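In: Everything below, folded, please.
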Amino acid sequence: MSGGPIAQDWEPVVIRKKAPTAAARKDEKAVNAARRAGAEIETVRKATAGSNKAASSSTSLNTRKLDEETENLTHEKVPSELKRAIMQGRTDKKLTQAQLAQLINEKPQIIQEYESGKAIPNQQIITKLERALGVKLRGKK
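Out: Residues are numbered from 1 along each chain as shown. Presented below is the predicted three-dimensional model:
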């Protein structure tokens, strides 16, 4: 070691903590610590706190409308003449429901629904069925 006394630096080093974030200021521990220290604590309740107001504010109008609505609304179903016409056309051509479905590029389930009368009539599908079966399914014969 080369000569000379070694100088010690005794300047204080100050390490500052970051100021608490908004979330940290609101957490229970911080609030309790502030209470113990005798600091003033202001609690502000937000106008719509604890209720799902935003989602339910406009529904009261709709709810009343729905309650007043007495009309019985149901989907249009496949008429029985159409069901019979589809089944007849398909059996005349000796096709299964699955084969007919494949011919018109639809799922077999759709043919089942039409023949059982559960489907909601779709003009495009009825047109495809007319072409595939060579039968007039709509309008007066």
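
In: from here on, contacts and neighbour counts on C-alpha atoms
Out: Noted.

In: Per-residue confidence, residue 67, what does it come out as?
Out: If you check residue 67, the pLDDT there is 74.

In: Count the neighbours of it for me.
Out: 8 (other Cα atoms under 10 Å).

In: And residue 108, by the same measure?
Out: Residue 108 has 16 nearby residues by other Cα under 10 Å.

In: tell me which helix or strand of this protein sits lowest on mean pLDDT?
Out: helix 53-56 (a mean of 57; mean pLDDT, DSSP states H and E).

In: low-scoring stretches of the chain, by residue?
Out: Applying pLDDT under 70 to the chain picks out residues 1-4, 20, 22-25, 47-61, 140-141.

In: helices or strands next to the helix or strand where residue 124 lies in the packing?
Out: Using DSSP states H and E, residue 124 sits within helix 123-133. Packing partners of helix 123-133 (3 or more Cα pairs under 8 Å, 6 or more residues apart in numbering; DSSP states H and E): helix 80-92.
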